[in-house]
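A.B. asks: Give me a 3D structure for the following:
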Amino acid sequence: MKSLYIAILISLSFTVVGNASAEYLPSEAEAEARVPALDLVIQYLESDQVVPSRLDLRKMSADPVVELTKLSTSGRYDLTLRAKAIQALALYAGDERADETIAELMTSTRANHKLFAVIVMAYAQVQGEEAANELSELARHQRVDVRVAAITALGRFGGQEGYETLLKLEREESNADVRARIQTYTR
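C.D. replies: So this is what the prediction gives:
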């Protein structure tokens, strides 16, 4: 009899704890019912004072990667908003959806697109040192802005391989401004 009471007590406590622990975060449906999460994320990213954080984005959406992916890949939004969404999406490195979206943007966006430098930085942030080979190719691109984006990405996220690539590029680069950018990471 005593063990029956203990079993009932334990099962009730798991039920109460299980229900209580999930109630502090809104479900995706509840969050959408209040104010569409996409609208909240747009307002947040459009602010001039914002440096996106995962915590702030999570307060607005049950799954911020969904909204950030929509904003990053849709041509409906202006370039400034899309750039901020791409940067914020890189905060979710390791989330398969974020990684795939940024990789897809990297392969499908031409180097002359205005968002390409932002995409290169986000790609490097997500891929880390593994992106060093691709970035080293871009660091030799004919367009100066593409080279500078790749060099910055190598310097910030390329690890040891990126550093060694920058040392080689420093000797090869003919443009003084680009060489000066390389030297910010090598000296």
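A.B. asks: can you tell me how far the residue most central in space within the chain sits from residue 135?
C.D. replies: If you average the C-alpha coordinates of the chain and look for the closest C-alpha using Cα atoms, centre = their mean, you land on residue 90, 0.9 Å from that point. Residue 90 is 14 Å from residue 135, where distance means Cβ to Cβ, to the nearest Å. Yep, even glycine has a C-beta here, placed from its N, CA and C like the rest.
A.B. asks: now do residue 58
C.D. replies: When Cβ to Cβ is applied, the distance between residue 58 and residue 135 equals 30 Å.
A.B. asks: of those two, who's got more company?
C.D. replies: Higher neighbour count among residue 58 and residue 135: residue 135, with 26 against 12, using other Cβ atoms under 10 Å.
A.B. asks: Please give the element, helix or strand, for that one.
C.D. replies: Residue 135 is part of helix 132-138 when elements are defined by DSSP states H and E.
A.B. asks: just residue 84 next, same as before
C.D. replies: helix 79-89.
A.B. asks: what's near enough to touch the residue nearest to the centre of the chain?
C.D. replies: By Cβ atoms under 8 Å, 6 or more residues apart in numbering, the contact list for residue 90 reads 98, 102, 121-122, 125-126.
A.B. asks: where do the helices sit along this protein?
C.D. replies: Per DSSP state H, the chain has helices spanning 2-22, 28-34, 37-46, 54-60, 64-73, 79-89, 96-108, 116-127, 132-138, 144-157, 159-172, 176-186. These are given in chain order.
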